[in-house]
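A.B. asks: Predicted coordinates and the sequence they were generated for:
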Amino acid sequence: MSERISVIGTGYLGATHAAGMAELGHEVIGVDVDAEKIERLSRGEVPFYEPGLPELLRKHVESGRLRFTTDIREAAEFADVHFIGVGTPQLKSGYGADMVYVDAAIDALAPLLTRPSVILGKSTVPVGTAARLAARVRELAPVGDDAQLGWNPEFLREGFAVEDTLRPDRLVLGVDPVQPGRIEEVARRVYADALARETPIVVTDLATAELVKVSANAFLATKISFINAVAEVCDATGADVKDLADAIGYDDRIGRKFLGAGLGFGGGCLPKDIRAFMARAGELGVDQALTFLREVDAVNLRRRQHVVELAEREVGGSLVGARIAVLGAAFKPDSDDVRDSPALDVAGQLHLAGAHVRVHDPEGMVNAARVWPTLDFAESPQGAVQDADLVILATEWRQFRDLDPEEVGRLVAHRRIIDGRNCLPAERWIAAGWTYRGLGRHSG
Ligand SMILES: NC(=O)c1ccc[n+]([C@@H]2O[C@H](COP(=O)([O-])OP(=O)(O)OC[C@H]3O[C@@H](n4cnc5c(N)ncnc54)[C@H](O)[C@@H]3O)[C@@H](O)[C@H]2O)c1
Ligand SMILES: O=c1ccn([C@@H]2O[C@H](COP(=O)(O)OP(=O)(O)O[C@H]3O[C@H](CO)[C@@H](O)[C@H](O)[C@H]3O)[C@@H](O)[C@H]2O)c(=O)[nH]1
């Protein structure tokens, strides 16, 4: 059955969710305060890089099943189900999440709700937010208790966002057990397609739903920092972290995923979510419960520093004047997102230390140049490595993994490479005369 849906906030999450909901057969309106973004989306253009999304969005904009507006009144008039997907970035003044966008979205929408409506929060928020917002909605909405709010956290990964939206591996729905209202019934209709495929759904209270999201990200971050901490020990002993990760990963209880040692995690989610989780635990008086996340964060940031120091050693002790090619600016492949990107951070630190840094990223250069306008950007990997004293692979795009060490070798001044993602076939590079440095790996 087709529902009338609005998605408020049309960034990485919201634009994908809006197109995904249209693909599932619903009538969708996307709302954002960014007029330029809305103009592009209305033309069927995706304002960021996400594989598969342009085709999906265009198809549904053209069919008329998906449209976009800056006017939230249109959304309130049109839709009965409203998803909230606005940003919750780290506060400038601390570790907590900045809730101004979520609060503004609710304060704009709720007073316009004149008929029974369900609001489903998708943004990642500190535990306790949903209960506060549910009360606020009841207070502001002309329909009062018939405007109901639940929390439906999102688990999509950038680069796989379409697939994760259309075929999630689980659904989580938080409802107020005292006033459950129609939320579950409406959510089950919206997600009928996934539920028909027996996708697991966990229906729980609001606080648990909020905590599921940050716990999942904290667990993933911890897994990455665990293997990176072990990589530090590998470096000190000559052991190989990749073989080690394979070996422990064969144990089903551990699993090989997210044991990729390297430059560590970045992006618009994992770093800020673990910090916001710690900040919230502090507010709740249980800060000790999550002090280990401080270490997770510290191990992660050390990776970037380690690569800068390794680069310094590789070029003979001083970065001043060294020509360094950084392959990668996005925080991960198949994304143009440079938020808290380890690759861009390393490039920026090398630049500040006096190196001549040239960066190439297949999709992330426009965003990267906004953050670091003084960096030098090349239009191709070949352009970036020309005459380089050192090459650093910082984001494991396929284009970089497939580079031919012989061909690249003819362009550089010195055949030295740091594989910041442990993703290159080391033997081939070593056989082609390169000094190869992995992170926590046997080095050539
Ligand atoms: N990016 C992801 O992969 C992902 C995955 C799961 C969860 N999340 C969570 O989803 C939320 C959004 O993340 P994102 O990466 O899409 O952020 P984003 O910055 O790409 O998008 C947020 C959008 O909200 C808009 N906005 C801000 N205030 C608004 C308002 N009052 N009304 C309407 N629109 C408004 C902004 O203009 C922007 O377009 C965050 O809480 C994030 O933690 C993100
Ligand atoms: O073994 C690994 C796996 C990942 N990473 C890094 O970790 C970061 C995050 O990667 P990933 O989790 O794939 O990307 P996101 O798109 O940020 O997705 C995470 O954050 C989203 C927003 O909350 C959640 O919805 C997703 O479930 C969660 O995986 C990236 O910098 C990766 O390079 C590693 O260093 N080693």
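C.D. replies: Okay, I see it. Numbers count the residues shown, from 1 in each chain. Ligands and ions are numbered 1, 2, ... in the order given.
A.B. asks: Phi, psi for Leu133 please.
C.D. replies: Here is the backbone geometry of Leu133 (degrees, to the nearest 10): phi -70, psi -40.
A.B. asks: for it, what are its contacts?
C.D. replies: For Leu133, the contacting residues are 102-103, 106, 119, 121, 149, by C-beta atoms under 8 Å, 6 or more residues apart in numbering. Using the backbone N, CA and C atoms, a C-beta is placed for each residue, glycine as well.
A.B. asks: For the closest residue to Ala426 other than its chain neighbours, give the beta-bridge partners.
C.D. replies: Taking C-beta to C-beta, 6 or more residues apart in numbering, and ignoring the residues beside it in sequence, Ala426 has Tyr436 as its nearest neighbour in space, at 5.1 Å. As for beta bridges, Tyr436 partners with Ile417 under DSSP bridges.
A.B. asks: So, low pLDDT: which residues of the stretch 151-300 of the chain?
C.D. replies: Within the stretch 151-300 of the chain, the set of residues satisfying pLDDT under 70 is empty.
A.B. asks: distance between the ends of stretch 360-373?
C.D. replies: In stretch 360-373, first residue to last residue: 14 Å (C-alpha to C-alpha, to the nearest Å).
A.B. asks: quick one: contacts of that stretch?
C.D. replies: The contact list for stretch 360-373, computed with C-beta under 8 Å, 6+ apart, reads 49, 325-330, 334-338, 341, 343-344, 347-348, 351, 359, 375, 377-381, 383-384, 395, 397, 399.
A.B. asks: ok, now with 6 Å
C.D. replies: Here stretch 360-373 makes contact (C-beta atoms under 6 Å, 6 or more residues apart in numbering) with 49, 327-330, 336, 338, 344, 348, 377-378, 381, 384, 397, 399.
A.B. asks: what comes up buried for it?
C.D. replies: Using 16 or more other C-beta atoms under 10 Å as the burial criterion, the residues of stretch 360-373 that qualify are 360-365, 367-368, 371-372.
A.B. asks: Let me know the average pLDDT across it.
C.D. replies: For stretch 360-373, the mean per-residue pLDDT is 98.
A.B. asks: Check stretch 106-125 too.
C.D. replies: 98.
A.B. asks: What residues does the residue in the stretch 301-444 of the chain that ligand 1 sits nearest to make contact with?
C.D. replies: Here the stretch 301-444 of the chain gets closest to ligand 1 at one residue, Asp337, 7.3 Å apart by C-beta to the nearest ligand atom. Listed by C-beta under 6 Å, 6+ apart, the contact set of Asp337 reads 158, 330-331.
A.B. asks: Near ligand 2, list only the ones from the residues you listed.
C.D. replies: Under the cut-off given by C-beta under 6 Å from any ligand atom, ligand 2 has 158, 331 from the contacts of Asp337 close to it.
A.B. asks: Closest approach to ligand 1 from the chain, which residue is it?
C.D. replies: Taking C-beta to the nearest ligand atom as the measure, the chain has Gly11 as its residue closest to ligand 1, at 1.8 Å.
A.B. asks: phi, psi of the nearest residue to that residue once chain neighbours are set aside?
C.D. replies: Nearest residue to Gly11, sequence neighbours excluded (C-beta to C-beta, 6+ apart): Gly87, at 6.3 Å. Reported as degrees, to the nearest 10, the phi and psi values for Gly87 are phi -70, psi 150.
A.B. asks: Would you quantify the distance from Gly87 to ligand 2?
C.D. replies: When distances are taken as C-beta to the nearest ligand atom, to the nearest Å, Gly87 and ligand 2 turn out to be 12 Å apart.
A.B. asks: Got phi/psi on Leu244?
C.D. replies: For Leu244, the backbone dihedrals are phi -60, psi -40 (criterion: degrees, to the nearest 10).
A.B. asks: Could you shift the numbering so residue one becomes 281, and keep it that way?
C.D. replies: Taking 281 as the first residue, the last one we looked at is Leu524.
A.B. asks: Just the buried ones among the contacts of Leu413, please.
C.D. replies: Among these, those buried by neighbour count (16+ other C-beta under 10 Å) are 382, 386, 399, 401, 429.
A.B. asks: ok, those residues vs Asp351, which is closest?
C.D. replies: The nearest member of those to Asp351, counting by C-beta to C-beta, is Ile386 at 16.7 Å.
A.B. asks: quick one: contacts for the closest one?
C.D. replies: Under the criterion of C-beta under 6 Å, 6+ apart, the contact list for Ile386 reads 413, 416.
A.B. asks: Return the members of the contacts of stretch 640-653 classed as buried.
C.D. replies: Members of these that pass the buried threshold by neighbour count (16+ other C-beta under 10 Å) are listed as 329, 607-610, 616, 618, 624, 628, 657-658, 661, 664, 677.
A.B. asks: from these, which ones fall inside strands?
C.D. replies: Within the buried ones among the contacts of stretch 640-653, residues falling in strands by DSSP state E are 607, 657.
A.B. asks: hmm, which two among the buried ones among the contacts of stretch 640-653 are most spread apart?
C.D. replies: When those are compared pair by pair using C-beta to C-beta, the farthest-apart members prove to be Tyr329 and Gly628, with a separation of 20.8 Å.
A.B. asks: for the stretch 581-724 of the chain, which spans come out with low pLDDT?
C.D. replies: When residues are selected by pLDDT under 70, those of the stretch 581-724 of the chain lie in 723-724.
A.B. asks: Can you name the helix or strand that His722 falls in?
C.D. replies: Here His722, judged by DSSP states H and E, is contained in no helix and no strand.
A.B. asks: Next, count neighbours for it.
C.D. replies: Using other C-beta atoms under 10 Å, His722 has 15 neighbouring residues.
A.B. asks: What distance do you get for it to Ile528?
C.D. replies: 18 Å (C-beta to C-beta, to the nearest Å).
A.B. asks: helix, strand or coil for Ser286?
C.D. replies: When the structure is reduced to helix, strand and coil (DSSP: H, G, I helix; E, B strand; the rest coil), Ser286 reads as strand.
A.B. asks: neighbours around the residue nearest to Val341 when sequence neighbours are not counted, how many?
C.D. replies: Nearest residue to Val341, sequence neighbours excluded (C-beta to C-beta, 6+ apart): Gly324, at 4.2 Å. The criterion is other C-beta under 10 Å. On that basis, Gly324 has 16 neighbouring residues.
A.B. asks: Validate this expectation: Gly324 resides in a helix.
C.D. replies: No. Gly324 sits outside any helix when classified using three-state DSSP, being coil.
A.B. asks: Need phi/psi at the closest residue to Ile481 other than its chain neighbours.
C.D. replies: Nearest residue to Ile481 in three dimensions, chain neighbours excluded: Leu451, at 4.3 Å (C-beta to C-beta, 6+ apart). Torsion angles at Leu451 (phi, psi; degrees, to the nearest 10) stand at phi -120, psi 140.
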